[in-house]
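# Structure of the sequence below:
(one chain, ligands or ions: 1)
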Amino acid sequence: MSQTTVPSSLPYVKISPRGASRLKAGHVWVYRSDIVSAEGILPGSVVAVCDQRGKPLGTALYSSSSQIAIRMISRETISHEPVADFPALLRQRIAAALAYRNNLVRDTDAYRIIFSEADFLPGLIVDRYNEILSVQVLTQAMDDKLVRDTVISELTQRMNPASIVERVDPRVRELESLPPRASGPLQGEKTVTTFTMNGVQFSYDALEGQKTGAFLDQRENYAAAAQYARGEALDVFCYQGGFALHLAPRCSQVTGVDSSRPALEVADRNAALNRRDPSHPEIEWIEANAFDLLKDYASSNRRYDAIVLDPPAFAKTKRDLDAALRGYKELNLRALKMLRPGGILVTCSCSYHMSQSNFLEMLAGAALDAHRTLRLIEVRGQSKDHPVLLNVPETAYLKCVIACVS
Ligand code: SAH
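Numbers count the residues shown, from 1 in each chain. Presented below is the predicted three-dimensional model:
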């Protein structure tokens, strides 16, 4: 056996020079088009990865179906030994992810415990909502029975949750050629609770809502926005009221707008949970299409001191970018026109394909067209419990710009 052959009990996948240079540049994915050979490899296997000459590059999880065929879990090649015991590695990684949050997460009992690639556990997402853990499985490898059992037992042992509930995205399972599965508890029975972030309370139903229930990635941005907002505030795309509830104690009047009635019903329940201080304004929730409402409000000369824009991802793929830029610009332009001098704009984009520089450029264009001057107060990203891997740009997706408008 030559020095460069993979001495592995694991099946191995050979990748093209382009795939290998992607890994050498620090990325963790190899696309299907860069797979040279993966014969007979079972869906979701742990595999050894090597270049075309047989030089080992590390260990990965293999998907037979996704465009992302390889997700690296280890680059350890010095010993030429790929990961022999994946469950043991899972346990270590879960412990490390928890330790990372212990140092960085403050003022909340709701945060992301495991963020897939960014915690070196590709395909696994775990969020904590007080005593309930919500799990999302995104790949064939993480759907394996032994993997699931290991994750559940490790989380139970370390966190002692009342329950662990799985949230299933049927589209993801279809893309991974996995059989359909229902959302529901994997352990324990509890699916409803309340959680508290930055002193603000939220009701939580593990089987309802978008993502795993809340937009935990905005947690630190809520607190930042609350520092600057005052007067009359408008939270556009408010969902269950994340920004609006944080702004209420600082503002004389708060309005939240969303097109989803179920989201607004939860927002209203959340407002009731927090209205202990009679000086806090009652929040008005409006069910409307944000584009139409902003158009009406702008033309009827409504004015605000703070406006939050947190739309859904307009650019789901690179091809959508131009249309997305037009959508963001229209929203920001209208909001800028409605802000009083000295007003605060909090404007977000959660599309990975919209880079921070694209977003700032769009905003600069909107400011010019609206004849307003913007001073940047903060250019922010996602909360620290959603880590960004510097060499994996896809892990940085959220932009949140806070600016003063004159
Ligand atoms: N700011 C929220 C998250 C917003 S997610 C938070 O921090 O929790 C995006 C929201 O936009 C969703 O609640 C969705 O219902 C809403 N939405 C999508 N399209 C819309 C439209 N055209 N008009 C109003 N709301 C819309």
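
# Could you use CA atoms for every contact and neighbour count after this?
Fine.

# ok, now which ones touch Cys238?
Cys238 is in contact with 244, 256-258, 310, counting by CA atoms under 8 Å, 6 or more residues apart in numbering.

# most neighbours, which of these?
Ala244 (31 neighbours; other CA atoms under 10 Å).

# so it touches Asp258, yeah?
No. Applying CA atoms under 8 Å, one finds Ala244 not in contact with Asp258, separated by 11.6 Å.

# would you say Asp235 is within a strand?
Yes. Applying DSSP: H, G, I helix; E, B strand; the rest coil, one finds Asp235 inside a strand.

# Distance from the chain centre to the longest strand along the chain, please.
In the chain, with assignment by DSSP state E, the single longest strand is strand 339-349. Taking CA atoms, centre = their mean, to the nearest Å, one finds strand 339-349 lying 23 Å from the centre of the chain it belongs to.

# So which bits of that strand are buried?
By 16 or more other CA atoms under 10 Å, the buried positions in strand 339-349 come out as 339-341, 343-349.

# follow-up on the earlier one: among the contacts of Cys238, which are located in strands?
256-258.

# Please enumerate the strands of the stretch 51-200 of the chain.
Along the stretch 51-200 of the chain, the segments classed as strands by DSSP state E, counting those that start in this stretch run 56-62, 68-74, 110-115, 124-129, 132-137, 163-166, 184-187, 192-197, 200-205.

# Any idea how far the last one is from the middle of the chain?
In terms of CA atoms, centre = their mean, the centre of strand 200-205 is found 18 Å from the chain centre.

# Please see if the helix or strand following that strand touches the ligand.
Per DSSP states H and E, the first helix or strand lying C-terminal to strand 200-205 is helix 219-228. No. Legend: contact between helix 219-228 and the ligand by CA under 6 Å from any ligand atom is lacking; minimum distance shown is 7.6 Å.

# what do you get for stretch 245-265?
Yes. Stretch 245-265 lies within reach of the ligand by CA under 6 Å from any ligand atom, at 258-260.

# need those in TSV with distance to Ala288 and pLDDT, can you?
What follows is these, written out as TSV (distance: CA to CA, whole Å; pLDDT from 0 to 100):
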residue	distance to Ala288	pLDDT
Asp258	6	98
Ser259	5	98
Ser260	8	97
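
# Looking at the residues you listed, which one is closest to Ser203?
Ser260 (16.8 Å; CA to CA).

# Enumerate every residue touching the closest one.
By CA under 8 Å, 6+ apart, Ser260 lies in contact with 239, 287.

# coming back round to it: redo the buried residues of strand 339-349 as a markdown table? Include pLDDT and distance to Ser183.
As requested, the buried residues of strand 339-349 are exported to a markdown table (pLDDT from 0 to 100; distance: CA to CA, whole Å):
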| residue | pLDDT | distance to Ser183 |
| --- | --- | --- |
| Leu339 | 98 | 42 |
| Arg340 | 98 | 46 |
| Pro341 | 98 | 48 |
| Gly343 | 98 | 43 |
| Ile344 | 98 | 40 |
| Leu345 | 98 | 37 |
| Val346 | 98 | 34 |
| Thr347 | 98 | 33 |
| Cys348 | 98 | 29 |
| Ser349 | 97 | 28 |
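
# Which member of the contacts of Cys238 is positioned nearest Thr77?
For the contacts of Cys238, the residue nearest Thr77 by CA to CA is Asp310; the value is 43.3 Å.

# Verify the stated contact: that closest one with Ser351.
No. Asp310 is beyond contact range of Ser351, at 11.0 Å (criterion: CA under 8 Å).

# burial count for Ile41?
Ile41 has 17 neighbouring residues, counting by other CA under 10 Å.

# What is the neighbour count of the closest residue to it other than its chain neighbours?
Here the nearest residue to Ile41 in space, its sequence neighbours aside, is Pro11; by CA to CA, 6 or more residues apart in numbering that works out to 6.8 Å. Per other CA under 10 Å, the neighbour tally for Pro11 reads 16.

# Do you know the pLDDT at the nearest residue to Arg91 once chain neighbours are set aside?
Distance criterion CA to CA, 6+ apart; nearest residue to Arg91, sequence neighbours excluded, is Glu154 at 6.3 Å. You'll see Glu154 listed with a pLDDT of 98.

# Quick check: Glu154 touching Arg93?
No. Using CA under 8 Å, Glu154 makes no contact with Arg93, being 10.3 Å away.

# How many residues are close by Ala182?
Neighbours around Ala182, by other CA under 10 Å: 10.

# Oh, that last question was meant for Leu294, not what I typed.
Residues lying near Leu294 (other CA under 10 Å) number 22.

# ditto for Ser66
Ser66 has 17 neighbouring residues, counting by other CA under 10 Å.

# out of everything not next to it in sequence, what's closest to it?
Closest to Ser66 by CA to CA, 6+ apart is Glu176, at 5.6 Å.

# and Glu174, what is it in contact with?
Counting by CA under 8 Å, 6+ apart, Glu174 touches Pro180.

# how far away is it from the ligand?
23 Å (CA to the nearest ligand atom, to the nearest Å).

# now stretch 50-64, how far from the centre of its chain.
Relative to the chain's own centre, stretch 50-64 is displaced by 28 Å; criterion: CA atoms, centre = their mean.
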